[in-house]
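>>> Structure of the sequence below:
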Amino acid sequence: MNSHTAGTPPPTGPSALEPLALYGADFAADPHGHYGRLRAQGPLARVRIAPDIDALLVTDYQAAVDLLRDTETFTKDPRVWQAGVPAGSPVLPVLGHRPTALFTDGAVHARYREVINDTLALIEPHLLRAEVTRVAQRLIAAFSATGTGDLIAQYARGLPLHVFTASFGVAPEDSERVVRGTAGMMDSAQDATAAHDELVGVVTALVSARRREPGRDLTTCLLEHPAGLDDDEAVRQITLIMSTGHEPTANLIGNALLRMLSDAGYGGSLRGGATTAREAIDDVLWRDPPLANMGAHFPRHDTEFHGVPLRAGQLVLVSFAAANTQAPPSFLDPAVRSGGGAHLAWSAGPHRCPARQPALLMAMTAIEQLTSQLCDLRLAVEPGALLWRPGPFHRAPAHLPVRFTPLNALPGPEGEGTPEAADHVPARVGGTPNG
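Numbers count the residues shown, from 1 in each chain. Next comes the predicted model:
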């Protein structure tokens, strides 16, 4: 092996020091402490995102904005970088090239992006809110009589899963496979490739089934789009939507609930409505965005960026979490932050997240349903005792144990009272894009 780390040119950037690891328990327990140390290196810092895989991480707000909008200097195509990465690397399920909107530029990106935008636009907000409410009530009913629960395993992770899989027409028996696939990819463990393959397998079978027999779901809408995606292109776009939609939305719900339960400033929100779900979500999107480090870009040629030399094909990631907390002082004013302000949690530029509105609506509805029904929720452990999921890309508690006053079984819509009572419900989507 060369003297430098696989997938990374010899260090010519901000520091030749040992890169700071962004995976493992130490980083998961104190990411902002790590970001503080990284900022000492300048606007870009050397990090390690997996054993033998290094990158440069943008921690400066203005540098992050400049990178995300600079399509002339940087490409989203990772194949030059990927050529130096071992085939079994646990980061490839997230960063490895696939024919999707995330890894393409120019006209190809525009074509894929149009399909995704038009497909997501078919989700009518009032129907989405009704579906989330239905699923939320069913999930809450499953543990509300016990007085205890894990708001990650029993609520935050399950809710977007049911909504996404129903919207795309995934069979109920395949739902857990979607969860394993999306979660395993983000954790960047050694089985990340198997997790990604499992998700692709579910979607491949789904696309094949809808080619033979169209349905009233988003998969059919995507396949019938005028762009005319072939089967592999369709599988890749749906896989992208699921992986970047389900997991971050689940994490957003969990992070916001944790913030409301652990921060004294939110103490009255579960009882008296002093803080809204939207305010908690906005706070999380600033400080602990569900995708903390992502936005992979690669210089098209040797260049210099914010005073840092870069080589063609070098992996450069954006720390949305670090950049947000280093934003200009005026952006941190509560009046500016209300409604989202100028945080980067949804990225920026041509690859800005296309699912912002559905994700926000899902998260807000999920939190409102939970806090209105279990109004005396409290953490079952001290916040400092919580474990966070490892991995360089996301920010998410592994569990969120709570206690509350037990309730009688909550009847769901149309008499649903247990998880078994609500089988798969086909998605309801509008007939035309919203614009």
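>>> What residues does residue 297 make contact with?
When contacts are counted by C-beta atoms under 8 Å, 6 or more residues apart in numbering, residue 297 touches 67-68, 74-76, 316-318. To be clear about C-beta, it is placed using only N, CA and C from the backbone, and glycine gets the same treatment.
>>> So what does it look like in phi/psi?
phi -130, psi 160 (degrees, to the nearest 10).
>>> Report the beta-bridge partners for it.
residue 316 (DSSP bridges).
>>> coming back round to it: in CSV: the contacts of residue 297, plus neighbour count, secondary structure and distance to residue 397.
Shown next, in CSV, are these (neighbours: other C-beta atoms under 10 Å; DSSP: H, G, I helix; E, B strand; the rest coil; distance: C-beta to C-beta, whole Å):
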residue, neighbour count, secondary structure, distance to residue 397
67, 24, helix, 29
68, 22, helix, 27
74, 23, strand, 33
75, 20, strand, 34
76, 20, coil, 30
316, 22, strand, 28
317, 23, strand, 22
318, 26, strand, 23
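>>> I'd like the residues you listed laid out as a markdown table, including distance to residue 386 and pLDDT.
Conversion of those to a markdown table gives the following (distance: C-beta to C-beta, whole Å; pLDDT from 0 to 100):
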| residue | distance to residue 386 | pLDDT |
| --- | --- | --- |
| 67 | 32 | 97 |
| 68 | 31 | 97 |
| 74 | 36 | 98 |
| 75 | 38 | 98 |
| 76 | 34 | 98 |
| 316 | 31 | 98 |
| 317 | 25 | 98 |
| 318 | 26 | 98 |
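>>> Using TSV, lay out the residues you listed together with distance to residue 37.
What follows is the contacts of residue 297, written out as TSV (distance: C-beta to C-beta, whole Å):
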residue	distance to residue 37
67	21
68	23
74	25
75	29
76	28
316	19
317	16
318	18
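>>> From these, pick the one nearest residue 28.
residue 317 (16.7 Å; C-beta to C-beta).
>>> pretty sure the closest one contacts residue 59?
No: with contact defined as C-beta atoms under 8 Å, residue 317 does not count as touching residue 59 (10.1 Å).
>>> Relative to residue 160, which of the contacts of residue 297 is nearest.
residue 318 (23.5 Å).
>>> The closest residue to that closest one other than its chain neighbours in helix, strand or coil?
Spatial nearest neighbour of residue 318, chain neighbours left out: residue 295 (3.4 Å); criterion: C-beta to C-beta, 6 or more residues apart in numbering. The three-state label given to residue 295 by DSSP: H, G, I helix; E, B strand; the rest coil is strand.
>>> and the gap between residue 295 and residue 344?
Look at residue 295 and residue 344: by C-beta to C-beta, to the nearest Å, they are 8 Å apart.
>>> what's the overlap in contacts for these two?
64, 68, 318, 320.
>>> Can you pick out the most distant pair from those?
68 and 320 (9.7 Å).
>>> Now list whatever residues contact both of the two.
295, 344, 347.
>>> Format the residues you listed as JSON lines; extra columns: neighbour count, pLDDT and distance to residue 395.
Listed next are the shared contacts of residue 68 and residue 320 as JSON lines, based on neighbours: other C-beta atoms under 10 Å; pLDDT from 0 to 100; distance: C-beta to C-beta, whole Å:
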{"residue": "295", "neighbour count": "23", "pLDDT": "96", "distance to residue 395": "14"}
{"residue": "344", "neighbour count": "23", "pLDDT": "95", "distance to residue 395": "14"}
{"residue": "347", "neighbour count": "18", "pLDDT": "94", "distance to residue 395": "15"}
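>>> okay, the residues you listed in CSV with distance to residue 391 next?
Below are those laid out as CSV (distance: C-beta to C-beta, whole Å):
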residue, distance to residue 391
295, 16
344, 19
347, 18
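>>> spatially speaking, which residue is in the middle of this protein?
Taking C-alpha atoms, centre = their mean, the centroid of the chain lies closest to residue 248, which sits 2.4 Å from it.
>>> In terms of helices and strands, where is that one?
helix 231-262 (DSSP states H and E).
>>> Repeat that for residue 222.
Using DSSP H and E, residue 222 sits in helix 218-223.
>>> Buried residues, the helix holding residue 248. List them.
Across helix 231-262, burial judged by 16 or more other C-beta atoms under 10 Å covers 233-262.
>>> what pLDDT, on average, does it get?
Helix 231-262 carries an average pLDDT of 92.
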